[in-house]
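Enquirer: with the input below, show me the fold.
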Amino acid sequence: MEPKFVTAVFLSNSPEGMAVMITFKPTIRNIRSDGYAAVYIRVTKDRQSDYIKTNYIAKKTQLNGTTIKDYTLVAKVSTIIDKYVNRLNYEETELWTLREVINFLMQENNKISFTDYYREYIGKMRNENRNDPAANYQTALNSLTKFSGKKELFFSDITSNLINDWIVSLKNTSTAKNHYPVLINAVFSAGTKHFNDYERGILRIKNQPFMHVTIPECDVAEKRAVEKEILLKIFNFDTGGSPKSKTAEFAKDISLIIFCLVGINCKDLFIMDEANFKNGKLCYCRAKTQSERRDKAYIEISVPEMILPLFKKYQGKGGKLFDFEQKFKTRSLFNQEINKGLKIITEALNIEKITSYTFRHSWATIAQNNCGASTAMVAFALNHSTEYRITKGYIKTDFTPIDKLNEQVLDFVFK
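Expert: Okay, here's the model as predicted:
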């Protein structure tokens, strides 16, 4: 006598008032030439059927057509079906399609890989040429996976206990204790929106760990700006003829360009096209924030005459304004060379350590403290986003106030 095995899951009534049922049955689909066949579970809902493949194999002697007649094999498959039934009985599945039922059941233990989704998230950022934030997101993931001791994390692994303990381990950092959890939270939130269908009650990710997490603030940043006297020592530094002189000279030159161009970001210098230099002005979109702003973070800055020789000294090819990409290949190596040269200079001058970002902060500090510019004006010159976004959309932007303020800053430092 052949075993007759069908399991039915009765769900709540459909909107039409009829009972909705899902049935499962062990079966096979094809017998191979060697007489063996892979065992499947046929899932039927709303008169539609689909199959889930198991790890079991049936011999021809265990079959009668597509029906499995071996009691032992049916019992093994029935164990799987029982697990499926139990899982579905905890879900509101009346609005699910058959494919959604199958996807739910095939996701082992309903685990969705957080690390896989995270890498896809970063990949999209890189495809949009947002390599810097992508690198920050990657660093945050590396930190979390290292702390957890797992190479792969599932969404269900991201618990409030894990995140809180991780934050404690970062307590001695100034910014990571804030930035890393913020980035992990952003990807987790995006994942829940991607995998969950709240309107239809399909919740593949049910945990909400960040509801019970308090992300600490960053420490107050150390002073990054330096005084006029320090700037002049750096800009007037005699690189001499040492083996390190080329690196120091390069750092001095680029630092002067950064400062004279209103603290322009290194990334913008690195990727600047020849087409961005128009009628004595740099007209470009700030790479860091252009994808986040409606105005594309566009700005125009007049190039002071005192740094035009440096434009010629580092003239690029192939449509690039400077030759930095040709020399260094990546912006990271470009930054490293600048900071390496600045270390040579500051050690020789016996002054505090600085980086390329110091000149942006110094320009802003002098503009406000020594030239009387308002905080709003300094923010405008630095191309920061404004709180008056709607109003700004009505006004044609005039960038000449930036040039006037830059003249005041340069006069204060160099004259």
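
Enquirer: low-confidence stretches in the stretch 51-200 of the chain?
Expert: Where the stretch 51-200 of the chain drops to pLDDT under 70, the residues are 107-110, 200.

Enquirer: where along it do the helices fall?
Expert: 71-88, 98-106, 114-127, 131-148, 160-169, 176-195 (DSSP state H, counting those that start in this stretch).

Enquirer: same thing with the stretch 251-400 of the chain?
Expert: 266-271, 308-313, 324-328, 331-349, 358-369, 375-381, 389-392, 400-414.

Enquirer: re earlier: make TSV out of the helices of the stretch 51-200 of the chain and add distance to N279 and mean neighbour count.
Expert: Glycine gets a C-beta too; all of them are placed from N, C-alpha and C. Formatted as TSV, the helices of the stretch 51-200 of the chain follow (distance: least, C-beta to C-beta, whole Å; neighbours: other C-beta atoms under 10 Å):
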stretch	distance to N279	mean neighbour count
helix 71-88	67	16
helix 98-106	58	16
helix 114-127	34	16
helix 131-148	30	17
helix 160-169	51	15
helix 176-195	40	18
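
Enquirer: redo those as CSV? Include distance to L342.
Expert: Below are these laid out as CSV (distance: least, C-beta to C-beta, whole Å):
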stretch, distance to L342
helix 71-88, 60
helix 98-106, 54
helix 114-127, 29
helix 131-148, 20
helix 160-169, 32
helix 176-195, 24
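
Enquirer: coming back round to it: out of the helices of the stretch 251-400 of the chain, which gets the lowest mean score?
Expert: Among the helices of the stretch 251-400 of the chain, helix 389-392 has the lowest mean pLDDT, at a mean of 50.

Enquirer: so who does S356 touch?
Expert: 254-255, 258, 266, 335, 338-339, 342 (C-beta atoms under 8 Å, 6 or more residues apart in numbering).

Enquirer: ok, of the residues you listed, which one's closest to M377?
Expert: Proximity of those to M377 was ranked by C-beta to C-beta; the top entry is I258 with 19.5 Å.

Enquirer: from memory the closest one sits against C266, does it?
Expert: Yes: using C-beta atoms under 8 Å, I258 is in contact with C266, at 7.2 Å.

Enquirer: using CSV, write out every CA atom in the longest strand along the chain.
Expert: The strand that spans the most residues within the chain, counting by DSSP state E, is strand 48-59. Output of strand 48-59 as CSV, limited to C-alpha atoms (Å, rounded to 0.1, in the frame of the first residue of the first chain):
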residue,chain,number,x,y,z
GLN,A,48,-1.3,27.1,-8.8
SER,A,49,1.7,24.8,-8.0
ASP,A,50,5.4,25.2,-7.7
TYR,A,51,8.2,23.1,-6.3
ILE,A,52,10.9,23.2,-3.6
LYS,A,53,13.8,20.8,-4.1
THR,A,54,15.0,18.8,-1.2
ASN,A,55,18.3,17.1,-0.6
TYR,A,56,16.8,13.6,-0.9
ILE,A,57,17.2,11.2,-3.9
ALA,A,58,14.6,8.5,-4.7
LYS,A,59,15.4,5.2,-6.5
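
Enquirer: and this structure, what are its domains?
Expert: In terms of domains, the chain is parsed into 7-106, 114-212, 228-414 (source: automatic domain parsing).

Enquirer: can you check which of the ones you listed gets nearest to D219?
Expert: Of the domains of the chain, nearest to D219 by C-beta to C-beta is domain 114-212, at 4.1 Å.

Enquirer: any idea how far the closest one is from the middle of the chain?
Expert: 10 Å (C-alpha atoms, centre = their mean, to the nearest Å).

Enquirer: just to revisit the earlier point, what would the contacts of S356 look like in JSON lines with neighbour count and distance to M211?
Expert: Compiled in JSON lines, the contacts of S356 are given as follows (neighbours: other C-beta atoms under 10 Å; distance: C-beta to C-beta, whole Å):
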{"residue": "I254", "neighbour count": "25", "distance to M211": "46"}
{"residue": "S255", "neighbour count": "24", "distance to M211": "46"}
{"residue": "I258", "neighbour count": "24", "distance to M211": "43"}
{"residue": "C266", "neighbour count": "22", "distance to M211": "39"}
{"residue": "N335", "neighbour count": "18", "distance to M211": "38"}
{"residue": "I338", "neighbour count": "25", "distance to M211": "43"}
{"residue": "N339", "neighbour count": "18", "distance to M211": "41"}
{"residue": "L342", "neighbour count": "24", "distance to M211": "44"}
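
Enquirer: any idea which of the residues you listed is closest to N86?
Expert: For those, the residue nearest N86 by C-beta to C-beta is N335; the value is 55.4 Å.

Enquirer: isn't F24 right next to V85, touching?
Expert: Yes: between F24 and V85 there is a contact under C-beta under 8 Å: 7.4 Å.

Enquirer: next, count neighbours for T175.
Expert: 12 (other C-beta atoms under 10 Å).

Enquirer: who's in contact with it?
Expert: 218-219.

Enquirer: what do you get for H194?
Expert: Taking C-beta under 8 Å, 6+ apart as the criterion, H194 is in contact with Y117.

Enquirer: same question, L141
Expert: 115, 118, 122, 184.

Enquirer: got CSV for the helices of the stretch 251-400 of the chain, with distance to F277 too?
Expert: Shown next, in CSV, are those (distance: least, C-beta to C-beta, whole Å):
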stretch, distance to F277
helix 266-271, 12
helix 308-313, 8
helix 324-328, 14
helix 331-349, 19
helix 358-369, 20
helix 375-381, 19
helix 389-392, 25
helix 400-414, 15
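
Enquirer: nearest to Y198, out of the ones you listed?
Expert: Closest to Y198 of the helices of the stretch 251-400 of the chain, according to C-beta to C-beta: helix 389-392, at 29.2 Å.

Enquirer: wait, is R42 part of a strand?
Expert: Yes: R42 forms part of a strand when assessed by DSSP: H, G, I helix; E, B strand; the rest coil.

Enquirer: surely it and I22 touch.
Expert: No: with contact defined as C-beta under 8 Å, R42 does not count as touching I22 (11.0 Å).

Enquirer: so for those two, which residue has more residues nearby?
Expert: Applying other C-beta under 10 Å to R42 and I22 shows that I22 carries more neighbours, namely 21 against 17.

Enquirer: am I right that the more buried one falls within a strand?
Expert: Yes: assigned with three-state DSSP, I22 falls within a strand.

Enquirer: shouldn't E217 be within a strand?
Expert: No: going by three-state DSSP, the assignment for E217 is coil, not a strand.
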